[in-house]
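1. Below: sequence and its predicted model.
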2 protein chains.
Amino acid sequence: MLPDASRPLYEVKANLFKGLAHPLRVRVLEVLSTRPETSVSDLLEVTGLEASNLSQHLAVLRNNRLVTADRRGNQVYYRLAHPQVADLLRVARTLLGDILETTERQLVESSGLPELPPAAPAVEAAATAVEAAGEPA
Amino acid sequence: MLPDASRPLYEVKANLFKGLAHPLRVRVLEVLSTRPETSVSDLLEVTGLEASNLSQHLAVLRNNRLVTADRRGNQVYYRLAHPQVADLLRVARTLLGDILETTERQLVESSGLPELPPAAPAVEAAATAVEAAGEPA
DNA sequence: TGATGGATTGATAAATCCATTATACGCCCG
DNA sequence: CGGGCGTATAATGGATTTATCAATCCATCA
């Protein structure tokens, strides 16, 4: 889990992605991208999760060195270990935008070519949702 | 597996990362980042894998719209579906470089502070390996 | 000290992922 | 058409991941 550099890079990278491969963990990282730090109790509120479940996921993020925790008094505060983590989320998002765009285009092309589709509610709304989502990363 | 935009973005992102969360798939994407396209047989050579195993992983990459395949004659050629995929791998690599650097520094700091460590073979070599690795992404 | 609130850890069952094997498909050539 | 090659899919069993519940740890405050 710790990025052991003696292994082939593609293994280490795969481990990194594994650390990111859960909705909850992505969510936590997104929250952490918007503020300098966040307490576990705040994360609990935001996510509406069970404490132990969240804690487990935070442990995964810690083991992957994606976040750092420090305890102040009764509470524990988490922050991104590196700004690059936010970069990664941003790049992922733009990639997803592209993917969605081209799959949508391919759908249109293969289904009769109505140059400007009169309005494909679901897909269309979805696409713009991704573009405009007021989301941190 | 298809990036359904009607779901929360963090779920879609997590799915994307899941698609990347295997050494073999990362390896394939790295190979594909270095050339415009690569045939399955070439990938088989490079990776030394069983055909069906590779095929399964290629299917995952296809389902995630990370690669596209097109058949010409007897062979199938794969390519990255978007240049952003390579970007993602690059950002991941620099992040890993940072992570490794700071964990190494923390190791040194917490173990007696030999200002310039006389030479910590494993870790040191590893770090430079990551920096210098002549790897595509 | 005991008690309380916040967070983590351990244990377990369910779900998911993966390598392997076997089978099927698509294309070319004889 | 039949055979062979290159890929892909199905099925199976073993390993990993995850949500849940119980137990523990750590700091505060009475």
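-> Thanks, I have the structure now.
2. Name the secondary structure element that contains the residue nearest the centre of chain A.
-> Centroid-nearest residue in chain A, with C-alpha atoms, centre = their mean: A:Val26, separated by 3.3 Å. Applying DSSP states H and E as the criterion places A:Val26 in helix A:23-34.
3. does any bit of that helix sit next to DNA strand D?
-> Yes: using C-beta under 7 Å from any atom of the strand, helix A:23-34 reaches DNA strand D at A:Leu24. Where you see a C-beta, it was placed from the backbone N, CA and C, and this is true even at glycine.
4. Please see if that helix touches chain B.
-> Yes: counting by C-beta under 8 Å from any C-beta of the partner chain, chain B has neighbours in helix A:23-34: A:23-27, A:30.
5. close to DNA strand C, is that helix?
-> No: residues of helix A:23-34 are not located near DNA strand C by C-beta under 7 Å from any atom of the strand, the shortest gap being 10.7 Å.
6. Now do the buried residues in that helix.
-> By 16 or more other C-beta atoms under 10 Å in any protein chain shown, the buried positions in helix A:23-34 come out as A:23-33.
7. In JSON lines, list those along with pLDDT.
-> Rendered in JSON lines, the data for the buried residues of helix A:23-34 read as follows (pLDDT from 0 to 100):
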{"residue": "A:Pro23", "pLDDT": "96"}
{"residue": "A:Leu24", "pLDDT": "96"}
{"residue": "A:Arg25", "pLDDT": "97"}
{"residue": "A:Val26", "pLDDT": "97"}
{"residue": "A:Arg27", "pLDDT": "97"}
{"residue": "A:Val28", "pLDDT": "97"}
{"residue": "A:Leu29", "pLDDT": "97"}
{"residue": "A:Glu30", "pLDDT": "97"}
{"residue": "A:Val31", "pLDDT": "96"}
{"residue": "A:Leu32", "pLDDT": "97"}
{"residue": "A:Ser33", "pLDDT": "96"}
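8. Just name the closest of the residues you listed to A:Ile99, please.
-> Of all these, A:Ile99 sits closest to A:Val26, with 16.2 Å by C-beta to C-beta.
9. which residues does the spatially closest residue to that closest one that is not a sequence neighbour contact?
-> Nearest non-adjacent residue to A:Val26, counting by C-beta to C-beta, 6 or more residues apart in numbering or on different chains: B:Tyr10, 4.3 Å away. Each residue near B:Tyr10 by C-beta atoms under 8 Å, 6 or more residues apart in numbering or on different chains is listed here: A:23-24, A:26-27, A:30.
10. Next, the angle from the helix or strand harbouring B:Tyr10 to helix B:23-34.
-> Using DSSP H and E, B:Tyr10 sits in helix B:9-20. Per axes from the mean of the first three to the mean of the last three C-alpha atoms, to 10 degrees, the angle that helix B:9-20 makes with helix B:23-34 is 90 degrees.
11. could you dump helix B:9-20 to CSV, C-alpha only?
-> Coordinates of each C-alpha in helix B:9-20 appear next as CSV, following Å, rounded to 0.1, in the frame of the first residue of the first chain:
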residue,chain,number,x,y,z
LEU,B,9,-19.8,12.6,-10.1
TYR,B,10,-17.8,11.0,-7.3
GLU,B,11,-19.3,7.6,-8.2
VAL,B,12,-18.4,8.0,-11.8
LYS,B,13,-14.9,9.0,-10.9
ALA,B,14,-14.5,6.1,-8.6
ASN,B,15,-15.5,3.8,-11.4
LEU,B,16,-12.9,5.4,-13.6
PHE,B,17,-10.3,4.8,-11.0
LYS,B,18,-11.5,1.2,-10.6
GLY,B,19,-10.9,0.7,-14.3
LEU,B,20,-7.3,1.8,-13.7
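12. one step back: mind picking the one among the contacts of B:Tyr10 that's closest to A:Leu80?
-> For the contacts of B:Tyr10, the minimum distance to A:Leu80 (C-beta to C-beta) is 10.3 Å, reached by A:Glu30.
13. Got the phi and psi for A:Arg72?
-> For A:Arg72, the backbone dihedrals (degrees, to the nearest 10) come out as phi -130, psi 110.
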